[in-house]
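K.L.:
Any chance you could fold what I've pasted below:
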Amino acid sequence: MVSRISARIGAISESATLAVDAKAKALKAAGRPVIGFGAGEPDFPTPDYIVEAAVEAARDPKNHRYSPAGGLPDLKQAIVDKTKRDSGYEIEAAQVLVTNGGKHAVYNTFATLLDPGDEVLLPAPYWTTYPETIKLAGGVPVEVLADETQNYLVTVEQLEAARTDKTKALLFCSPSNPTGAVETPEAIEAIGRWALEHDIWVITDEIYEHLTYGGTKAPSIPVVVPELADRTVVLNGVAKTYAMTGWRVGWMIGPKDVIKAAANLQSHQTSNVCNIAQRAAIAALSGDLTAVEEMKKAFDRRRKTMVGMLNEIPGVECPEPTGAFYAYPSVKGVLGKEINGRTATTSTELAEIILEDAEVAVVPGEAFGAPGYLRLSYALGDDDLVEGVSRIQKLLS
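P.N.:
Residues are numbered from 1 along each chain as shown. I've put the predicted structure just below:
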């Protein structure tokens with residue numbers, strides 16, 4: 001029987017993180033006291049001054065009309081100014097494309113750069129969306145695994161071992177989703193110089209740039225290796241830093257020819273990003289980082305609590321993340337052991353048992369290209385965090 005769905009779209013996997021979050025919410029709606037560690041979404045409301053900017057924008061008729069497909073000029077300039085302020089990276093407005101959230105920036109970038117058969121080096125564990133968008137663009141994701149013994153940080157030697165004459169690009173994400181690992185400035189320079197030597201594009205996702213802890217820095221790769229700027233695309237957005245996941249404003253920064261081509265694509269895909277959300281993003285990027293620092297303090301506190309509690313569980317090993325808002329424990333020492341009369345042989349099966357028996361939703365490592373692990377977001381309230389991890393402790397101890 002001929003499939004009703006195209007092979008291209010039929011090959012895409014559902015977002016595992018959103019699927020776990022949806023299942024947790026459905027169980028909660030059915031009256032079960034499920035605690036969800038699935039979605040990477042701050043529990044804070046968007047700061048008031050940003051919301052007020054959106055309210056004001058909604059009343060202005062000019063925002064009720066089409067605007068330039070590539071982004072409002074004022075927002076592009078705000079991104080230019082913010083990038084210089086936060087990263088020390090000097091760019092022009094013509095190097096910026098405003099997108100419908102960070103995922104759209106990821107898709108636009110791969111669609112613009114890749115031809116069929118081009119290989120993209122993809123350090124694993126990786127965010128679930130990366131391999132799907134690479135494949136959708138006709139590319140081939142080449143996974144390069146960095147496990148807990150190296151704090152989930154990939155090395156130049158690993159990248160070189162995976163490189164072939166078909167390697168077109170490297171996906172670089174620091175701070176990392178899902179592990180929270182942050183590459184050192186020295187490692188970033190080494191990776192950048194290696195990419196430059198081999199004429200490889202670097203696509204660097206900086207969505208978690210402000211969420212680092214304990215004095216950790218997350219420098220931007222084209223700042224560390226300026227010669228690489230002409231072969232680098234920077235991905236970013238307001239979602240994580242400003243608690244604006246639902247506003248859907250992201251952007252890509254790159255060479256002018258790449259941005260122009262991606263803007264042409266977007267002009268046929270979606271036209272402009274919602275003007276109200278763009279105006280809110282201008283307020284976010286133009287304001288100070290006071291609200292961001294307050295949220296970061298809470299994340300830091302929760303990070304320490306979660307990692308400490310996870311490491312108390314027999315068979316669980318959790319390196320301390322220094323960025324983002326995720327813990328990524330290895331649960332290899334739990335697999336094969338009996339839990340309430342059942343035995344999990346994979347982290348997917350373990351996640352199912354934890355959801356059914358402890359009523360806690362976590363995402364299994366299979367979703368991130370690394371079986372044997374779980375991802376837990378600590379972007380939720382302190383009380384729920386302690387209760388949720390306590391339930392896992394009780395179940396697995």
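K.L.:
Just confirm residue 181 is within a strand.
P.N.:
No - membership of residue 181 in a strand is not supported by DSSP: H, G, I helix; E, B strand; the rest coil, which gives coil.
K.L.:
what about the nearest residue to it once chain neighbours are set aside, distance to residue 192?
P.N.:
Nearest non-adjacent residue to residue 181, counting by C-beta to C-beta, 6 or more residues apart in numbering: residue 152, 4.2 Å away. Yep, even glycine has a C-beta here, placed from its N, CA and C like the rest. Note on residue 152: its distance to residue 192, by C-beta to C-beta, to the nearest Å, is 19 Å.
K.L.:
The residue nearest to residue 181 - how many residues pack around it?
P.N.:
Neighbour count for residue 152, taken as other C-beta atoms under 10 Å: 24.
K.L.:
residues touching it, list them.
P.N.:
By C-beta atoms under 8 Å, 6 or more residues apart in numbering, residue 152 lies in contact with 125, 146, 176, 179, 181, 319, 328.
K.L.:
Please work out which residues outside stretch 206-216 touch it.
P.N.:
Here stretch 206-216 makes contact (C-beta under 8 Å, 6+ apart) with 86-87, 102, 175-177, 182, 218, 220, 234-237, 239-241, 250, 289, 292, 296, 299-300, 303, 321-325.
K.L.:
Can you turn the buried part of those residues into a PyMOL selection?
P.N.:
To isolate the buried ones among these in PyMOL, judged by 16 or more other C-beta atoms under 10 Å, type:
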select buried, resi 86+87+102+175+176+177+182+218+220+234+235+236+237+239+240+241+250+292+296+299+300+303+321+322+323+324+325
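K.L.:
Inside helices: which ones of the contacts of stretch 206-216?
P.N.:
Taking DSSP state H as the definition of helices, the contacts of stretch 206-216 contribute 86, 87, 102, 292, 296, 299, 300, 303.
K.L.:
Just after the helix-or-strand element of the chain with minimal mean pLDDT, pick out the following helix or strand.
P.N.:
Ranked by mean pLDDT, DSSP states H and E, the weakest helix or strand in the chain is helix 16-29, scoring a mean of 80. Sequence-wise, the next helix or strand downstream of helix 16-29 (DSSP states H and E) is strand 35-36.
K.L.:
Check which helices and strands that following strand sits against.
P.N.:
The helices and strands touching strand 35-36, judged by 3 or more C-beta pairs under 8 Å, 6 or more residues apart in numbering; DSSP states H and E, are helix 16-29, strand 360-361, helix 382-396.
K.L.:
And these: which comes nearest residue 266?
P.N.:
Residue 266 lies closest, by C-beta to C-beta, to one member of these: helix 16-29, at 22.6 Å.
K.L.:
What are the buried residues along stretch 150-170?
P.N.:
Using 16+ other C-beta under 10 Å as the test for burial, stretch 150-170 gives 151-155, 158-159, 162-163, 167-170.
K.L.:
start to end distance for that stretch?
P.N.:
One end of stretch 150-170 sits 19 Å from the other (C-alpha to C-alpha, to the nearest Å).
K.L.:
now it, how far from the chain's geometric center?
P.N.:
Centroid separation for stretch 150-170 versus its chain: 19 Å, with C-alpha atoms, centre = their mean, to the nearest Å.
K.L.:
Does residue 163 touch residue 195 like I think?
P.N.:
No - the criterion here is C-beta atoms under 8 Å, and residue 163 misses it with residue 195 at 9.8 Å.
K.L.:
returning to what we had before: which residues does the least confident helix or strand of the chain contact?
P.N.:
When contacts are defined by C-beta under 8 Å, 6+ apart, helix 16-29 is touched by residues 34-36, 38-41, 128, 351, 355, 359, 361-364, 366-367, 375.
K.L.:
rerun at 10 Å
P.N.:
Contacting residues not belonging to helix 16-29 are listed as 13-15, 32-41, 127-129, 177-178, 348, 351, 355-356, 359-364, 366-368, 375, 377 [C-beta atoms under 10 Å, 6 or more residues apart in numbering].
K.L.:
right, and residue 163 touches residue 194 too?
P.N.:
Yes - Residue 163 is in contact with residue 194 according to C-beta atoms under 10 Å; the separation is 8.8 Å.
K.L.:
joint contacts of those two?
P.N.:
Common neighbours of residue 163 and residue 194 (C-beta under 10 Å, 6+ apart) are 170, 200.
K.L.:
so who does the closest residue to residue 151 other than its chain neighbours touch?
P.N.:
Spatial nearest neighbour of residue 151, excluding adjacent residues (C-beta to C-beta, 6+ apart): residue 319 at 5.2 Å. Neighbour list for residue 319: 147-153, 179-181, 307, 311, 327-330 [criterion: C-beta under 10 Å, 6+ apart].
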